[in-house]
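Participant: generate coordinates for the sequence data below:
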Amino acid sequence: MRVVIINAQIPGVRLGLVEATGARILPAPPELACELDAVSERLRRELTIEQVAELDAVSDVRTMFRSWGVDPARYRPSSEALLRRVVAGKGLYRVSNVVDINNLGSIETGWPYGSYDRARLEPPVTFRLGRRGETYEGIGKHTWHLEDRPVLADLLGPFGSPISDSVRTMITEVTSAVLMVIYAPAGSTARAIRQGLEQCALRLERFAGARIETTEVLNGSGWPAD
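Facilitator: All right, here's what the predicted structure looks like:
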């Protein structure tokens, strides 16, 4: 059943959604930890820091940011930040099974991913540029000023971004309903986005005991793409 509709008010992006209920938020189990380590080690062997920016997916995300008037060198896409961390040998952050699944998908595809506590959202949701005076408390950061930066916003205001997400809707130990969003450049095929969504859905089922309610690729109006 369809729960969340996201209306993209800025161009150049295709959004992929996974909605899941009944998730149990725990440390990553050994099997997921092994996947995290294996993918991180492969990327570390295959890439240098300089080569990260040359990856097609990373380059496309940077182009997407520039189309919004956002400098990706100053406001680095979350996917590129994770890839640079992994290639530098620092590995992925270990937060929880759901957040780790989010980050693993992001480094595999090169696209920003965001995971949100569905119970803390007040739809409708839009993807737009931040307005003057808008801020939120970023995860692990001080107050983040959002003017002219890409944000997801609900009736309570901005809560997420392909750069850094907010404390208000972050995944915590009491989360059970999850909304996971893929921010893919507009040139990405629906097939490629669906593959990313399906991988996330399988991992949420396997490693978080979640029940998948929907996986969807959205067009600019927020309705399913063909």
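
Participant: leaving out the residues flanking it, which one is nearest to I182?
Facilitator: G16 (3.6 Å; CB to CB, 6 or more residues apart in numbering). For the C-beta atoms, the positions are set from N, CA and C on the backbone; glycine is no exception.

Participant: past whichever strand or helix holds the one you found, which element shows up next along the chain?
Facilitator: Using DSSP states H and E, G16 maps to strand 13-21. Proceeding C-terminally, strand 13-21 gives way to helix 30-46 as the next helix or strand, assigned by DSSP H and E.

Participant: show me what counts as buried in stretch 208-220.
Facilitator: A208, A210, I212, E213, T214, T215, E216, V217, L218, G220 (16 or more other CB atoms under 10 Å).

Participant: model confidence over it, on average?
Facilitator: In this model, stretch 208-220 has a mean pLDDT of 90.

Participant: how about residues contacting that stretch?
Facilitator: 1-3, 5-6, 8, 11, 13-26, 97-98, 101, 178, 190, 193-194, 197-198, 200-201, 204-205, 224-226 (CB atoms under 8 Å, 6 or more residues apart in numbering).

Participant: ok, now stretch 72-84?
Facilitator: Identification of contacts with stretch 72-84 by CB under 8 Å, 6+ apart yields 43, 47, 49, 52-53, 55, 57-58, 61-62, 65-66, 92, 103, 106-107, 109-114, 149, 162-164.

Participant: export that stretch as CSV, just CAs?
Facilitator: C-alpha atoms of stretch 72-84 as CSV (Å, rounded to 0.1, in the frame of the first residue of the first chain):
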residue,chain,number,x,y,z
PRO,A,72,29.5,19.6,-4.7
ALA,A,73,33.1,20.4,-3.6
ARG,A,74,31.8,22.6,-0.8
TYR,A,75,28.7,20.5,0.1
ARG,A,76,29.8,17.0,-0.7
PRO,A,77,27.1,14.4,-1.6
SER,A,78,26.8,11.8,1.1
SER,A,79,27.6,9.0,-1.3
GLU,A,80,30.9,10.6,-2.3
ALA,A,81,31.8,11.3,1.3
LEU,A,82,31.3,7.7,2.2
LEU,A,83,33.3,6.4,-0.8
ARG,A,84,36.2,8.7,0.0
